[in-house]
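> Structure of the sequence below:
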Amino acid sequence: MEPKVIQGGNFSDHRGTISYVNDFSFKDIERFYIISNSDANPIRAWQGHKLDAKNFYCLSGSFKIHFVKIDNWEKPSKDLVIETIFTSASDSKIIHIPAGYANAIESLESNSKLISFSTLPLSKVSEDDVRYDSNYWKIND
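So this is what the prediction gives:
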């Protein structure tokens, strides 16, 4: 499976606005958490997931979601191509990153919040989570 954007939309009238992503299914979602990077460290990098698929939705502010397809979990190539998808609170879209990738979350504004829907139960995280140094792949070169 490849990373993809699941596009949603917004509906506004005199009562306010509803944001939605009707084509996103919660069938495999086990848990969620909200990411809010500090201003001093706006990039949270790199987290690899052998088993867990991530689904990101921007609640406030804006983010760049960077990701690489891992070729070797013990010693991945430093030459992997970094792909990036921009998202903001006004986008109303889910960014789906399947298992087999490492990601980096870069907040672009203060107080940005990103919700992450995960497919792996918390009890299995220790079997899945692989951390790499924050500079293993250079994001802003």
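> Which element is encountered next along the chain beyond the lowest-mean-pLDDT helix or strand in the chain?
Within the chain, no helix or strand scores below helix 125-128, which has a mean of 90 by mean pLDDT, DSSP states H and E. Heading C-terminal from helix 125-128, the first helix or strand you meet, by DSSP states H and E, is strand 129-131.
> Low-confidence ranges, the protein, go.
141 (pLDDT under 70).
> try 80
Scanning the chain for pLDDT under 80 picks out 140-141.
> so what's residue 53 up against?
1, 28, 96-99, 118-119 (Cβ atoms under 8 Å, 6 or more residues apart in numbering). C-beta: built from backbone N, CA, C; applies to glycine.
> From residue 109, how far off is it?
According to Cβ to Cβ, to the nearest Å, residue 53 and residue 109 sit 26 Å apart.
> In three-state terms, label the residue nearest to the spatial centre of the chain for me.
Nearest to the geometric centre of the chain sits residue 56, at 4.4 Å (Cα atoms, centre = their mean). Following DSSP: H, G, I helix; E, B strand; the rest coil, we place residue 56 in the strand state.
> Could you check how far it is from residue 39?
Counting by Cβ to Cβ, the gap from residue 56 to residue 39 is 20 Å.
> before we move on, what about residue 95?
22 Å.
> Show me which of these two is the more surrounded one.
Shown here are residue 95 and residue 39; by other Cβ atoms under 10 Å, residue 95 has more neighbours (23 against 10).
> could you measure that one against residue 42, distance?
Distance of residue 95 to residue 42, given as Cβ to Cβ: 17 Å.
> same question, residue 110
Going from residue 110 to residue 42 by Cβ to Cβ gives 9 Å.
> More neighbours: which of the two?
With neighbours defined as other Cβ under 10 Å, residue 110 and residue 42 compare such that residue 42 has more, 16 against 11.
> Now do the strands in the chain.
4-7, 9-13, 16-20, 31-35, 43-49, 54-60, 62-69, 83-88, 93-97, 101-107, 113-118, 129-131 (DSSP state E).
> Pretty sure residue 96 sits against residue 23.
No - counting by Cβ atoms under 8 Å, residue 96 stays clear of residue 23, with 10.7 Å between them.
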